[in-house]
Structures are given as structure tokens and as C-alpha cells.
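Chemist: Based on what follows, work out the 3D shape:
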Amino acid sequence: MKLYFAHNFNNRKEFRELELQLEKELNIELLNPFYDSSDRKEEMRLLDEGKSFRDEKVYAEEVVKRDLKNLASCDGLLTIIESPSIGTTLEIANAKLMCKKYIIVISEKYSEHLWLKEYATHRFKTVKEFKDYVLREKN
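Modeler: Sure, this is the predicted structure:
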């Protein structure tokens, strides 16, 4: 199983650690749009060091096209939502409407939101609930 891992940019370091843990524990592949694209390694290094990178329309178009291509290559989308994010919201919409992918949402605050009830294939309040589900399904 290969899932596109959508999450808030500001939580990227914290979620990178979680991503690697989930991949190991659950034997799944998570495609992290921030760290698993070889052409973004330099950008992430600069941002993680608190430095700036190019921020122009051409760059935005490149990122969106790359993310949509990566999303299309995956079996589904996994997202953790702690706070609203425009990027994550649009990735969910594209996964559902354009790519016809299944969507897994982990969100203590927002799992009962009407849009997530409609768009998500599975909703969990915690990462533990998600892990328990995956382990149950594998057996």
C-alpha cells in the first residue's frame, strides 16, 4: 500500500518522524511531498535552516503539478489534520474528485466535519486508532 501523506507544511519535521515510524510499524509506504521528492531536498534543507527559497508563480506551478502527479501515483491519501490547511484541503479534493482515491483522515478536532464525513473513506481521531485499524485489517 502506497499512500500520499498530506499534512500541514508547518508540522513537516514532526510528521516526517511519524511518517518513518508508521512505515516501519505498519509496513506501508507513505509519499511525503516535502521530503520524498528528490527535487525538493535542497528547498527543505534551506527551509529547515530558516533560510528562504524562491517564491514565485513558476515555483508554485511546479510544486502543484508535482504533488498532483505524486498523488495520482499512489493508492490513496493519508492526512493528519491538526489545523486547517489550504494545501491539504485541495489535496483531499483532488484525491477524491480527480483521482478517485480512497482517503484516510486522522483528526481529533475535525474528523466529524461534514466535508470529511463525505470525502473520507475512513476517519480516525488518533494515530493509534489508525494503527490499530491497519494492523487488524492485515490479519
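
Chemist: When you work out contacts or count neighbours from here on, use the C-alpha atoms and nothing else.
Modeler: Will do.

Chemist: Touching, residue 79 and residue 8? I think so.
Modeler: No - under the criterion of Cα atoms under 8 Å, residue 79 makes no contact with residue 8, lying 9.0 Å away.

Chemist: got any residues that touch both of these two?
Modeler: Residues within reach of residue 79 and of residue 8 at once, by Cα atoms under 8 Å, 6 or more residues apart in numbering, are residue 88.

Chemist: Between those two, which is the more surrounded one?
Modeler: In this view residue 79 and residue 8 are compared by other Cα atoms under 10 Å, and residue 79 has more residues nearby, 22 against 18.

Chemist: Confirm the more buried one sits in a helix?
Modeler: No - assessed with DSSP: H, G, I helix; E, B strand; the rest coil, residue 79 is strand; it does not lie in a helix.

Chemist: Can you tell me how far it is from residue 125?
Modeler: Distance check for residue 79 against residue 125: by Cα to Cα, to the nearest Å, it reads 12 Å.

Chemist: Please name the bridge partners of residue 105.
Modeler: residue 79, residue 123 (DSSP bridges).

Chemist: what sits in contact with each of residue 79 and residue 125?
Modeler: Counting by Cα under 8 Å, 6+ apart, the residues touching both residue 79 and residue 125 are residue 106.

Chemist: Show me the strands in the protein, by range?
Modeler: Taking DSSP state E as the criterion, the chain contains strands spanning 2-7, 29-31, 76-80, 102-106, 122-124.
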